[in-house]
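1. Below are the sequence and a predicted model for it; my questions follow.
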Amino acid sequence: GSVTSKKCLLPCTPLAIVKALEHLKLYDSSLPVGERLRGKTVTVINRSEIVGRPLSAMIANDGADVYSVDISSIYLLKRGKMI
């Protein structure tokens, strides 16, 4: 069968942070894509539209449990879903 790939536009600052985490070997490259942060817990401070929200979603989609913190609340994201 054919493989279909979807492309999307990612905000540059959250993408740069993910790339920095990859460079620091925090991603486990022996795991499949989407699971490479499995078992890790990450806290993202601030839920701005430009950095905080996209970064939280990107890291959660890579398998980490993400606590998204702002002045009024704390949310837990797992696999891109808010718990």
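-> Structure received.
2. Please count neighbours and contacts with C-alpha atoms only from this point.
-> Fine.
3. Can you tell me which helix or strand of the chain has the lowest average pLDDT?
-> Using mean pLDDT, DSSP states H and E, strand 81-82 stands out as the lowest-scoring helix or strand of the chain, at a mean of 76.
4. Quick check: buried residues in the helix or strand hosting residue 58?
-> Assigned by DSSP states H and E, residue 58 falls within helix 52-61. For helix 52-61, burial by neighbour count (16 or more other Cα atoms under 10 Å) applies to 52, 53, 54, 55, 56, 57, 58, 59, 60, 61.
5. and the very next helix or strand once past it with helix 52-61, angle?
-> Using DSSP H and E, the helix or strand that follows helix 52-61 towards the C-terminus is strand 65-69. Angle of strand 65-69 versus helix 52-61, following axes from the mean of the first three to the mean of the last three Cα atoms, to 10 degrees, is 170 degrees.
6. gap between strand 65-69 and the chain center?
-> 10 Å (Cα atoms, centre = their mean, to the nearest Å).
7. What lies in contact with that strand?
-> With Cα atoms under 8 Å, 6 or more residues apart in numbering as the test, strand 65-69 has contacts from 38-47, 52-53, 56, 59-60, 74-79.
8. What subset of those is buried?
-> In terms of neighbour count (16+ other Cα under 10 Å), the buried residues within the contacts of strand 65-69 are 38, 42, 44-47, 52-53, 56, 59-60, 74, 76-79.
9. Summarise which helices and strands the helix or strand encompassing residue 77 is packed against.
-> Element membership for residue 77 (DSSP H and E) is strand 74-78. Applying 3 or more Cα pairs under 8 Å, 6 or more residues apart in numbering; DSSP states H and E, one finds that strand 74-78 makes contact with helix 52-61, strand 65-69.
10. want to try CSV for the ones you listed, with distance to residue 83 as columns?
-> Listed next are those as CSV, based on distance: least, Cα to Cα, whole Å:
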stretch, distance to residue 83
helix 52-61, 12
strand 65-69, 10
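11. partner strands of the strand holding residue 77, parallel or antiparallel?
-> Applying DSSP bridges, strand 74-78 is found paired with strand 65-69 (antiparallel), strand 81-82 (antiparallel).
12. Deepest in the core, which of those is it.
-> Highest mean neighbour count of the strands paired with strand 74-78: strand 65-69, a mean of 21 (counted as mean count of other Cα atoms under 10 Å).
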